[in-house]
Structures are given as structure tokens and as C-alpha cells.
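>>> Structure of the sequence below:
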Amino acid sequence: MKASKLLKIIRKELKDYPIEYLRNKVTDDRYRDPLVKKLAKYNSEAYDEIYSLEIKGDFDVNDSVINKMKGDINYYFDTYAGGDIEAREFTKYLSLYLALIAKKPLHPYSENRNDEVYEENGSYYCKTRIKAINDKRSLCKYCVCKNLGYFGMF
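Residues are numbered from 1 along each chain as shown. All right, here's what the predicted structure looks like:
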């Protein structure tokens with residue numbers, strides 16, 4: 001499938017998602033956890049990118065990778081998140097965008113090497129990827145982040 005076609009599907013699937021709820025988490029004082037705020041900011045910015053992006057230089061995305069990734073996300077939500085359909089579908093299509101079109105990490109990142117996921121010299125690194133990639137149906141295999149090795153985890 002062409003990336004432009006996948007982007008069109010992603011836009012269609014996400015169009016009814018209540019994105020203002022997510023955006024409000026960034027500034028709402030009721031949400032005190034900095035990770036929740038960071039995720040809300042990263043995901044709402046990715047959502048905005050999806051609707052503003054114009055793909056120049058269309059490219060192929062492997063259909064079997066798309067389907068496998070969808071299945072792995074379904075598995076995760078069915079196993080660990082009680083089947084929350086709205087969150088599952090949002091995560092599914094946002095993750096497809098981040099991993100296969102934008103080529104960005106599935107988690108928020110910074111330029112600070114002390115953070116779990118960071119960017120340095122145009123590459124992304126994840127401190128926990130080397131362990132998490134071995135989890136059953138892990139999404140790490142789709143993520144652009146590189147392993148740091150066990151020395152980078154501490």
C-alpha cells in the first residue's frame with residue numbers, strides 16, 4: 001500500500017476521536033502525572049501532523065506489516081487494557097502513522113539523554129527497547145528507536 005493511501009485511512013479512522021479531551025490533559029491541573037501530560041502532548045501533536053501532512057515522494061508500506069501491527073495492538077488492548085475500543089483504535093492508527101509514515105518513536109522523546117527515549121544526531125534511542133522487544137507481541141519491533149544496550153539503561 002502507498003503511504004498516501006495509509007494516511008487517508010488513518011485520517012478516516014481518527015476523524016471522530018475527541019482530540020480536545022486529550023489536548024486538555026496537557027494543561028488541566030487534575031492530571032498531575034507528568035508522564036500523562038507528556039503522552040497527551042505528544043499524541044495530540046501527532047494527531048495534528050496527520051491532518052496537516054502532505055506526503056511528498058510517496059512510498060510503499062508493506063501490507064503485512066500494517067496488518068501484523070494492528071493485530072499486535074489489538075492483542076495488547078485485549079490483554080492489558082480491558083478492551084477499551086476507543087483508546088485501542090486511537091492508539092492503533094496513531095501508532096501506524098508514527099512508525100510507518102512519520103518514522104518517529106511510538107513514545108514521546110526529547111533531546112535529553114536522561115529521558116527514556118531521546119533523539120541524538122538524527123537517530124532515536126530507547127533505553128528499555130532491548131528488554132521490551134522480547135515481550136509477547138511487543139510493538140518495539142515497529143518502532144524506529146535503536147537499542148542502547150544494557151549499559152544505556154542505567
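>>> Now do residue 124: how many residues are near it, please.
Using other CB atoms under 10 Å, residue 124 has 19 neighbouring residues. All C-beta atoms are positioned from the backbone trio N, CA, C, and that covers glycine.
>>> got a list of what it touches?
Neighbouring residues of residue 124 by CB atoms under 8 Å, 6 or more residues apart in numbering: 104, 105, 109, 117, 118, 144, 145, 146.
>>> residues contacting residue 10?
Contacts here follow CB under 8 Å, 6+ apart; on that basis residue 10 touches 50, 93, 96, 97, 101.
>>> Tell me the predicted confidence for the most centrally placed residue in the chain.
With distances taken as CA atoms, centre = their mean, the chain has residue 106 as the residue nearest its mean C-alpha position (3.0 Å). According to the model's per-residue confidence, residue 106 sits at a pLDDT of 97.
>>> check contacts around it.
Here residue 106 is in contact with 95, 98, 99, 139, 142, 143 (CB under 8 Å, 6+ apart).
>>> and the residues you listed, which two are the farthest apart?
For the contacts of residue 106, the farthest-apart pair by CB to CB is 98 and 139; their separation is 10.2 Å.
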